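Participant: Based on what follows, work out the 3D shape:
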Amino acid sequence: MKNEHLNRREFLCNSGKTLAGVVVASSGAVTLIFPATGWSAQLAVLNEHESKTLLRMTREMFPHDKIEDKFYAVVVTALDTDASGNADTAKQLKAGVANLDKLAQGDWQALSADKRGAVLKQIETTAFFNSVKSKCVTGIYNNKDLWDHFGYEGSSSEHGGYINRGFDDLDWLPNPPESDSPKAH
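Facilitator: Here you go, the predicted model:
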């Protein structure tokens, strides 16, 4: 007979398969918690709403369904770290989130995916958008824990360069039709 009771580990894993939970600590700092993985991030400047909005924004800007939220939270943590060391950055992030909500005429996160995308399109030339975008690029694509997911083998210089290590590997592209290949004379 199968045991009908979940053990503690199963309970934590199953209950953690939702979007990141956010807990406000008694010190006023925000902690992003990901129960499924046991990963958390302490934020110093961003409040709960701002951190959740930035987490959603990073996922909207660089959507990868199979990447866990904790990897997007690394970007939010990096933004918070920058904000804690620079008052102008803190103002920019806080004003940027407020502007998203203003353009959404409410809570930007509550909009449908299409409407959230339309609002992001409206702000894509702003310094706020570009700051978040540049943190996403480095925070997601320069994260060694994600390289396998993207099929990136890492640096090649210490292995003789790309000429000797995958220069002509195109296993991620379909073979072109024969008609596209030049004919030998």
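
Participant: Do a quick rundown of the strands in the protein.
Facilitator: Using DSSP state E, the strands of the chain run over 21-24, 30-34, 39-43.

Participant: ok, of those, where does mean pLDDT dip lowest?
Facilitator: Lowest mean pLDDT within the strands of the chain: strand 21-24, a mean of 45.

Participant: Point out where the chain drops to low pLDDT.
Facilitator: Along the chain, the model assigns pLDDT under 70 to residues 1-29, 34-39, 162, 164-170, 172, 185.

Participant: Mind doing that once more with 90?
Facilitator: 1-43, 48, 65-66, 68-70, 147-185 (pLDDT under 90).

Participant: Next one: the closest residue to Q42 other than its chain neighbours from T77, what distance?
Facilitator: Distance criterion C-beta to C-beta, 6 or more residues apart in numbering; nearest residue to Q42, sequence neighbours excluded, is T31 at 5.4 Å. In this view, the C-beta of every residue, glycine as well, is placed from N, C-alpha and C. T31 sits 11 Å away from T77, going by C-beta to C-beta, to the nearest Å.

Participant: list residues touching both of those two?
Facilitator: Shared contacts of T31 and T77 (C-beta atoms under 8 Å, 6 or more residues apart in numbering): 41, 43.

Participant: And the residue nearest the centre of the chain, how close does it get to K133?
Facilitator: Computing the C-alpha centroid of the chain and ranking residues by C-alpha atoms, centre = their mean puts Y72 first, at 2.6 Å. Using C-beta to C-beta, Y72 is found at 13 Å from K133.

Participant: now do A87
Facilitator: Remark: distance between A87 and K133 (C-beta to C-beta) = 21 Å.

Participant: ditto for D171
Facilitator: To K133, D171 is 29 Å away according to C-beta to C-beta.

Participant: So for these two, which residue has more residues nearby?
Facilitator: Of the pair D171 and K133, K133 is the one with more neighbours under other C-beta atoms under 10 Å, namely 16 against 8.

Participant: on that earlier part again, who's more crowded, T31 and T77?
Facilitator: A count of neighbours by other C-beta under 10 Å puts T77 above the other of T31 and T77, at 22 against 16.

Participant: how near is that one to M61?
Facilitator: Separation of T77 from M61 (C-beta to C-beta): 16 Å.

Participant: And for K133?
Facilitator: Using C-beta to C-beta, K133 is found at 6 Å from M61.

Participant: repeat for N130
Facilitator: Distance, N130 to M61, using C-beta to C-beta: 11 Å.

Participant: higher neighbour count, the two?
Facilitator: When N130 and M61 are compared on other C-beta under 10 Å, the one with more neighbours turns out to be M61, at 18 against 12.

Participant: what sits against that one?
Facilitator: Residues in contact with M61, defined by C-beta under 8 Å, 6+ apart, are 120, 132-133, 136.

Participant: Narrow these to those in helices?
Facilitator: Residues of the contacts of M61 located in helices (DSSP state H): 120, 132-133, 136.
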